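S.K.: my questions concern the predicted model and sequence given below.
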Amino acid sequence: MSSPRPESQPPQEQTPPGVLGEMEPRPDHGEESYQGSGRLAGKAAIITGGDSGIGRAVAIAFAREGADVLISYLDEHEDARDTAKYVEDAGRRCVLVAGDLADRAHAKTVVPTAMEEFGRLDVLVNNAAFQMTHETIEEIPDEEWDHTLALNLSAMFTLCKDALPHMKPGASIINSSSVNSDQPRPTLMPYAMTKAAIANFTASLAQMLGERGIRANSVAPGPVWTPLIPSTMPAEHVEKFGGTPLGRAAQPAELAPVYVMLASDEASYVSGARIAVTGGKPIL
């Protein structure tokens, strides 16, 4: 990896959902380092939350491995266009779909758009998520609870349900869970609860889809340096973010190879797995 990986970040805050241009240091998504080898040649993928963070790193890696990519994102247009440029520079097509996936009507436009643009769908990566820090349950607004469930869970359900009629044997669904799924940080209660549900949903889905030859797996990241962190945590928490046995938070680029593996034909017998990328923190 070419960019530095500091053991801590200076205190900083942003307005949700956060943008890359205001982050210090800027995350590494593999822009300069990821080298593809054709592992996803000819495939078409949907990646939610693909404008920045893990989703951006996955989009860059997928494109350099030979896949066309649809990126679903909220409203971070500059970051999304920048990601699209990296995809296109890799010689692949990139379709950008802006809007709030917590709105089911919008979520239901994503798969039809991919089919219209690509004519096929081989990989679905449900990665978009919302979190916010609260010290007590009384501080959590009802509306925020509903929004967290709608984005983190209901959108995933909707996209999976819409995608499956178009997926053929060998296709792959990859859902982003978290180390919080079984080691919940109390200040991230709604988010942590949804990440446990994602792990459970994916395990059930893998069993449902086995006879159809479609695989479903989840990835459980530990702390990753993305715009979600300074936009949803107090500045003093950001400075301490990343306490792992490896002594730091991950860069998004360090997650991308796991998603590539799960999307590739090489992982033809990997289904129902939850893969930890946690810097040494065990998951149960």
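M.R.: That came through fine. Quantities reported herein were computed from a predicted structural model and do not represent experimental measurements.
S.K.: low-confidence bits of this structure, can you list those?
M.R.: 1-8, 14, 20-21, 23-24, 227-234, 236-242 (pLDDT under 70).
S.K.: where do the helices sit along it?
M.R.: For the chain, the helices defined by DSSP state H cover 53-64, 77-89, 104-107, 110-118, 142-149, 155-163, 189-209, 228-232, 235-240, 256-263.
S.K.: give me whichever of the ones you listed is most buried.
M.R.: Ranked by mean neighbour count, those are led by helix 53-64 with a mean of 30 (mean count of other C-beta atoms under 10 Å). Bear in mind the C-beta positions are built from the backbone N, C-alpha and C, glycine included.
S.K.: which other helices and strands contact it?
M.R.: The contact analysis (3 or more C-beta pairs under 8 Å, 6 or more residues apart in numbering; DSSP states H and E) places helix 53-64 against strand 44-48, strand 68-73, helix 77-89, strand 123-126, helix 256-263.
S.K.: quick one, the first one and helix 256-263 angle?
M.R.: This means strand 44-48. Calculated by axes from the mean of the first three to the mean of the last three C-alpha atoms, to 10 degrees, strand 44-48 forms an angle of 130 degrees with helix 256-263.
S.K.: counting contacts, what elements does strand 44-48 pack onto?
M.R.: Looks like strand 44-48 contacts helix 53-64, strand 68-73, helix 110-118, strand 123-126, helix 155-163 (3+ C-beta pairs under 8 Å, 6+ apart).
S.K.: with the third one instead?
M.R.: The contact analysis (3+ C-beta pairs under 8 Å, 6+ apart) places helix 77-89 against helix 53-64, strand 68-73, strand 94-98.
S.K.: how far off helix 256-263 does the longest one point, in degrees?
M.R.: Think helix 53-64. Going by the same axes, to 10 degrees, helix 53-64 makes 60 degrees with helix 256-263.
S.K.: same deal with the shortest one?
M.R.: Put simply, strand 94-98 runs at 100 degrees to helix 256-263, going by the same axes, to 10 degrees.
S.K.: about what we covered before: need the helices and strands packed on helix 53-64 in a markdown table with distance to Thr113, can you?
M.R.: A markdown table is the format used below for these (distance: least, C-beta to C-beta, whole Å):
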| stretch | distance to Thr113 |
| --- | --- |
| strand 44-48 | 9 |
| strand 68-73 | 7 |
| helix 77-89 | 14 |
| strand 123-126 | 13 |
| helix 256-263 | 20 |
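S.K.: closest to Ala197 out of those?
M.R.: strand 123-126 (12.0 Å; C-beta to C-beta).
S.K.: which elements pack onto that closest one?
M.R.: Looks like strand 123-126 contacts strand 44-48, helix 53-64, helix 155-163, strand 172-176, helix 256-263 (3+ C-beta pairs under 8 Å, 6+ apart).
S.K.: His77 is nearest to which of those?
M.R.: helix 53-64 (13.6 Å).
S.K.: and the closest one, how far from the chain's centre?
M.R.: Averaging C-alpha positions (C-alpha atoms, centre = their mean, to the nearest Å) puts helix 53-64 9 Å from its chain's average.
S.K.: picking up where we left off before, okay if I get the helices and strands packed on helix 77-89 as TSV plus distance to Thr194?
M.R.: Below are the helices and strands packed on helix 77-89 laid out as TSV (distance: least, C-beta to C-beta, whole Å):
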stretch	distance to Thr194
helix 53-64	16
strand 68-73	17
strand 94-98	22
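S.K.: nearest to Tyr34, out of the ones you listed?
M.R.: Among the helices and strands packed on helix 77-89, helix 53-64 comes nearest to Tyr34, with 5.2 Å by C-beta to C-beta.
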